[in-house]
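Q: kindly generate the corresponding structure for this input.
(2 chains)
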2 protein chains.
Amino acid sequence: MAGRYDPQTFRAPTFHDATPAFRDGGDSPRAYLERCLAAIAEREPVVKAFVTINTEGARAAADESAARWKAGRPLSPIDGLPIGIKDLLETRDMPTEMGCEAYRGNFPKRDNAAVSALRRSGAVVLGKTTTAELGGAHPPATTNPFDPARTPGGSSSGSAAAVGAGMIPAAVGSQVGGSIVRPAAFCGNFALKPTQGGINRGERQSTSMSTHGIHAGSVEDVWVTSMAIVRWAGGDPGKRGLFGPATTPEAVKPSRLIVLETEGWPDIDDATREGFARMLAALEAAGVTLLRRADHAWIEALEGAIANGRSLCGSITAWENHWAHRNLVDEHPDRVSERAKAVLARAEAMDFEDYRRLLVEREAAQLRHAALAPLADACIMLSCPGPAPLWPGDRPGQPLAPRPTGDFVFNAPSSMLFAPAFTMPLMGVDGMPVGVQLMGQQHEDARITAMARWMMQAVTPVVVA
Amino acid sequence: MAGRYDPQTFRAPTFHDATPAFRDGGDSPRAYLERCLAAIAEREPVVKAFVTINTEGARAAADESAARWKAGRPLSPIDGLPIGIKDLLETRDMPTEMGCEAYRGNFPKRDNAAVSALRRSGAVVLGKTTTAELGGAHPPATTNPFDPARTPGGSSSGSAAAVGAGMIPAAVGSQVGGSIVRPAAFCGNFALKPTQGGINRGERQSTSMSTHGIHAGSVEDVWVTSMAIVRWAGGDPGKRGLFGPATTPEAVKPSRLIVLETEGWPDIDDATREGFARMLAALEAAGVTLLRRADHAWIEALEGAIANGRSLCGSITAWENHWAHRNLVDEHPDRVSERAKAVLARAEAMDFEDYRRLLVEREAAQLRHAALAPLADACIMLSCPGPAPLWPGDRPGQPLAPRPTGDFVFNAPSSMLFAPAFTMPLMGVDGMPVGVQLMGQQHEDARITAMARWMMQAVTPVVVA
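A: Prediction:
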């Protein structure tokens, strides 16, 4: 059954263009919030994007924001922005359950650094969005906003679905393998997975390639929300943090883009392959030169260095999590999923020298990527191998489906390269969203955002029936 | 009043030389533990090094270790080692109170990655050792084992004091500014503050220049304990971890050492200055060439780059902790010290660009240090400006003493340079210990350990009345 998504007509809610009316009283943050609450009332029973919604707290915050806008003193460009927070991040006014039975009722009265920064910027922290268990693969009940039989992707399932369903204009997600870009691509979001270390992860520093990132309905809201967080929370400890202007960079046309195949190339379905080819043809028609693996030995070298990226990302992260997950399973043996236990068992079969070998591979791939800087402005690739897959749920007694939230094969590269990736809802395949992403060199977050802005202006989204 | 320490006769308990007798039944881990418990019974009422002691758990672990040694199957060279764990690190069988009223009764049933690795190595986790509040400057009740009127140093106060008092042969400490090397130097310990990232900090990843490190009564026990942890816990996420053999490196005589003054040079007391000069003269007499800031422009450049190290370390760490500490103070306003609140206020007056400037300074200093690699085998410097200061406690109504656990002026350099530092109890001044340290290039932990071993064989400890 086809979904109901059309990339040429679909518009997710946006915030950046609503704020001028907050000054003159034509609109207000409170009225904006009420529209979100109405959308939630309509869509949430099927989409199930939220774990907790703090309606009263949000209304109070929106009223305070309204007063600031009327007085001409907003705290930031996102003052009044209703936002969802992935339920891995601590919030002082809502529990943090991490999609895991072992954390049911967990309620530390603390704000993650990014959440604290959002509040200082005036954002309205509306609710906690669902996550796959512990940021892994075991899915929440959330459904895809364009077809409830399909996954919204994961692990930032609720953040992507809430934006795609038009319930909120922006949400915070996080990624270690593909947990921002993939669900964003499945749900028609824009999203920036920043350079590793770009946005302070607060209490969540335990893995070497996870980042916070923003899902939103427009390039502009992704960027200004990211920078508003960095204004107060900075980057990870010891890291340089995100660079760029507080306002969205002007559109910049790329001269040359490298088309990366990645190890996912054989897995692309026919319709998506056709759509991506048409997208690339449109870029060439617009005057962008495309380079491919056959065109240059250095591109082929990067393709080779990331050809095992999915396995590499999975193993590195499983190792880095294994002490914490062992403690959790020992304390709550019946409240952690079999999926998470299987990952733990795999990690416990590794040793530190195995892990070190993977770090060397990752570092080598990063060097191969850095070597491409003089060749092109950025890399372009699919954000997922096709539309969100159907997800009927696990069946008792059957083996666990390997990837219930979809395949992160197109997301492992930016994760392992510590590179920024900006995904755009530029394709519709079988009535479902499919994302296309730009990946830049480390710290070129603003540069790929400028090019993403150009692409949204210059390229018509592709529809494949 | 003079203390009772003589570096030429004092011997802290050692473990590496006890294990041969575990095989033939002449001694046993249980008997070793009982000797520790007897020392604790004698010294602990005054020294107050422990927050919690798990006597029964330790006896059971020691009995299991004894059986392994008798069967000829010890898990590692430290199987049976009674060890103390700084009370910042989580332990599944004891509370983790972090020297802070707000954490009174905090008891997560989890093991820090290093603690988990110690257990897998067969070590006997005997107790939690005191820490200055949250690893900062507000002192615990612990006293110096050589003079109860003086501080043991901090923040690893209990780890250093317990080893110095002969209660245990080894303890885990941690350092962000000077929290391993300084208390070790005040308490007659050996200690290795490893290369940044060398030992996995587990749940404690939130600052960019903290490390776990080992306090012990000998070079050998420091090294084998460090490597036993790394065998199972590795380094920090994404970091290469400690390199070196599982057994202690053979002694290596350095050819050339750089004498670093640091910003602490004017603060050294006269007796300590005389003692250090005699120590350096002994090295020259043994054939070691010494280089100083006047000898080479690159050395002067490093001295310049670390001349503000104390302030730089303090500000970076205060910034990195400030979200977590703000949450804590908001939740428990009356259960956090005024000292910690003053640091928090200073951090909250910074912004992210201030922090970034400090990162640039730190990185510049690291480049200056790396440039010295071809000049010499290592740097040598005092571990503290003199013996542990008197600490009569805060006086109500009076301003807070600025550094109740002593000055970390000689410890900031290795912290900000991410460099390994090995401190040795090579001086006695006024009947109190004063440490001397070797600092190596990043990842030269094994190399400075080999040189430390040589120094302990080749140089007679200096006594200044």
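
Q: report the buried residues of stretch A:24-33.
A: The neighbour-count check on stretch A:24-33 (16 or more other Cβ atoms under 10 Å in any protein chain shown) flags A:Asp27, A:Ser28, A:Pro29, A:Arg30, A:Tyr32, A:Leu33 as buried. C-beta here means a position set from N, CA and C on the backbone, and glycine is covered the same way.

Q: and the last one, that's in a helix?
A: The reference is to A:Leu33. Yes: assessed by DSSP: H, G, I helix; E, B strand; the rest coil, A:Leu33 belongs to a helix.

Q: I'd like the distance between it and A:Glu64.
A: 12 Å (Cβ to Cβ, to the nearest Å).

Q: also the fourth one?
A: A:Arg30 sits 10 Å away from A:Glu64, taking Cβ to Cβ as the criterion.

Q: mind listing what the residue lying closest to A:Glu133 once chain neighbours are set aside touches?
A: If the residues on either side of it in the chain are set aside, A:Glu133 comes closest to A:Gly99, at 4.3 Å by Cβ to Cβ, 6 or more residues apart in numbering or on different chains. Applying Cβ atoms under 8 Å, 6 or more residues apart in numbering or on different chains, we find A:Gly99 in contact with A:Asp87, A:Leu88, A:Thr130, A:Thr131, A:Ala132, A:Glu133, A:Leu134, A:Gly135, A:His138, A:Pro140, A:Ser155.

Q: tell me the mean pLDDT over the helix or strand where A:Ile214 lies?
A: Counting by DSSP states H and E, the element that carries A:Ile214 is strand A:211-216. Taken as a whole, strand A:211-216 has a mean pLDDT of 98.

Q: buried residues, the helix or strand just after that strand. List them.
A: Under the assignment DSSP H and E, the closest C-terminal helix or strand after strand A:211-216 is helix A:219-233. For helix A:219-233, a neighbour-count test (16+ other Cβ under 10 Å) marks A:219-233 as buried.

Q: what subset of those residues is also close to chain B?
A: When Cβ under 8 Å from any Cβ of the partner chain is applied, the members of the buried residues of helix A:219-233 adjacent to chain B are A:Val230, A:Arg231, A:Trp232, A:Ala233.

Q: need those residues in TSV (columns: pLDDT and distance to A:Pro145).
A: TSV is the format used below for those (pLDDT from 0 to 100; distance: Cβ to Cβ, whole Å):
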residue	pLDDT	distance to A:Pro145
A:Val230	98	29
A:Arg231	97	31
A:Trp232	97	31
A:Ala233	97	29
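
Q: which one of the residues you listed is nearest A:Gly386?
A: Checking those against A:Gly386 with Cβ to Cβ, the nearest one is A:Val230 at 33.5 Å.

Q: now do the contacts for that closest one.
A: Taking Cβ under 8 Å, 6+ apart, we find A:Val230 in contact with A:Ala117, A:Gly198, A:Ile199, A:Asn200, A:Gly241, A:Leu242, B:Phe352.

Q: chain B contacts on chain A?
A: A:92, A:109-113, A:116, A:200, A:202-203, A:205-209, A:230-235, A:237-241, A:319-320, A:323-324, A:326-327, A:330-331, A:352, A:355-356, A:359.

Q: show me what contacts the residue of chain A most remote from its centre?
A: The centre of chain A is farthest from one residue, A:Ala71, which by Cα atoms, centre = their mean lies 34.4 Å away. Contacts for A:Ala71 (Cβ under 8 Å, 6+ apart) come out as none.

Q: hey, C-alpha coordinates of the longest helix along chain A in PDB?
A: Using DSSP state H to define each element, chain A has its longest helix at helix A:309-331. C-alpha atoms of helix A:309-331 as PDB (Å, rounded to 0.1, in the frame of the first residue of the first chain):
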ATOM      1  CA  GLY A 309      31.200   1.000   8.100                       C
ATOM      2  CA  ARG A 310      28.000  -0.500   9.300                       C
ATOM      3  CA  SER A 311      29.800  -3.300  11.100                       C
ATOM      4  CA  LEU A 312      32.600  -1.000  12.400                       C
ATOM      5  CA  CYS A 313      30.100   1.500  13.900                       C
ATOM      6  CA  GLY A 314      28.100  -1.300  15.400                       C
ATOM      7  CA  SER A 315      31.100  -2.900  17.100                       C
ATOM      8  CA  ILE A 316      32.700   0.300  18.300                       C
ATOM      9  CA  THR A 317      29.500   1.500  19.900                       C
ATOM     10  CA  ALA A 318      28.700  -1.900  21.400                       C
ATOM     11  CA  TRP A 319      32.100  -2.000  23.000                       C
ATOM     12  CA  GLU A 320      31.800   1.500  24.400                       C
ATOM     13  CA  ASN A 321      28.400   0.800  25.900                       C
ATOM     14  CA  HIS A 322      29.200  -2.700  27.300                       C
ATOM     15  CA  TRP A 323      30.200  -1.800  30.900                       C
ATOM     16  CA  ALA A 324      27.000   0.300  31.400                       C
ATOM     17  CA  HIS A 325      24.800  -2.300  29.700                       C
ATOM     18  CA  ARG A 326      26.300  -5.100  31.700                       C
ATOM     19  CA  ASN A 327      25.500  -3.200  34.900                       C
ATOM     20  CA  LEU A 328      22.000  -2.600  33.700                       C
ATOM     21  CA  VAL A 329      21.400  -6.300  32.800                       C
ATOM     22  CA  ASP A 330      22.800  -7.500  36.000                       C
ATOM     23  CA  GLU A 331      20.600  -5.200  38.000                       C
END
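
Q: thinking again about what came up before, counting by contacts, list what the strand holding A:Ile214 packs against.
A: helix A:157-164, strand A:170-175, strand A:190-193, helix A:219-233 (3 or more Cβ pairs under 8 Å, 6 or more residues apart in numbering or on different chains; DSSP states H and E).

Q: so which of those comes closest to B:Thr460?
A: helix A:219-233 (53.2 Å).

Q: tilt between that closest one and helix B:309-331?
A: Taking axes from the mean of the first three to the mean of the last three Cα atoms, to 10 degrees, one finds that helix A:219-233 is oriented at 110 degrees with respect to helix B:309-331.

Q: helix A:219-233 to strand A:211-216, inter-axis angle?
A: Using the same axes, to 10 degrees: helix A:219-233 against strand A:211-216 is 140 degrees.

Q: from the chain's centroid, how far away is helix A:219-233?
A: 14 Å (Cα atoms, centre = their mean, to the nearest Å).

Q: centroid residue for chain A?
A: Geometric centre of chain A, nearest residue: A:Ile180, 2.0 Å, by Cα atoms, centre = their mean.

Q: any idea how far chain B is from it?
A: A:Ile180 sits 19 Å away from chain B, taking Cβ to the nearest Cβ, to the nearest Å as the criterion.

Q: what do you get for A:Thr423?
A: 24 Å.

Q: what do you get for A:His212?
A: Distance from A:His212 to chain B, by Cβ to the nearest Cβ: 13 Å.

Q: and what of A:Ile448?
A: Distance, A:Ile448 to chain B, by Cβ to the nearest Cβ: 21 Å.

Q: which SSE is immediately downstream of the helix or strand hosting that residue?
A: Here A:Ile448 is covered by helix A:445-458, with elements defined by DSSP H and E. Per DSSP H and E, helix A:445-458 leads on to strand A:462-464 as the next helix or strand towards the C-terminus.

Q: contacts for that following strand, please.
A: Strand A:462-464 has contacts (Cβ under 8 Å, 6+ apart) with A:6-8, A:271-272, A:274-276, A:278-279, A:282, A:426-430.

Q: and the helix holding A:Ile448, which residues are buried?
A: If you call a residue buried by 16+ other Cβ under 10 Å, then helix A:445-458 has these buried ones: A:Asp445, A:Ala446, A:Arg447, A:Ile448, A:Thr449, A:Ala450, A:Met451, A:Ala452, A:Arg453, A:Trp454, A:Met455, A:Met456.

Q: cool, and stretch A:361-380?
A: A:Glu361, A:Arg362, A:Ala365, A:Gln366, A:Arg368, A:His369, A:Leu372, A:Ala376, A:Asp377, A:Ala378, A:Cys379, A:Ile380.

Q: what would these look like in a markdown table with distance to B:Asp147 and secondary structure?
A: Shown next, in a markdown table, are the buried residues of stretch A:361-380 (distance: Cβ to Cβ, whole Å; DSSP: H, G, I helix; E, B strand; the rest coil):
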| residue | distance to B:Asp147 | secondary structure |
| --- | --- | --- |
| A:Glu361 | 54 | helix |
| A:Arg362 | 51 | helix |
| A:Ala365 | 56 | helix |
| A:Gln366 | 52 | helix |
| A:Arg368 | 59 | helix |
| A:His369 | 58 | helix |
| A:Leu372 | 63 | coil |
| A:Ala376 | 67 | coil |
| A:Asp377 | 66 | coil |
| A:Ala378 | 64 | strand |
| A:Cys379 | 64 | strand |
| A:Ile380 | 69 | strand |
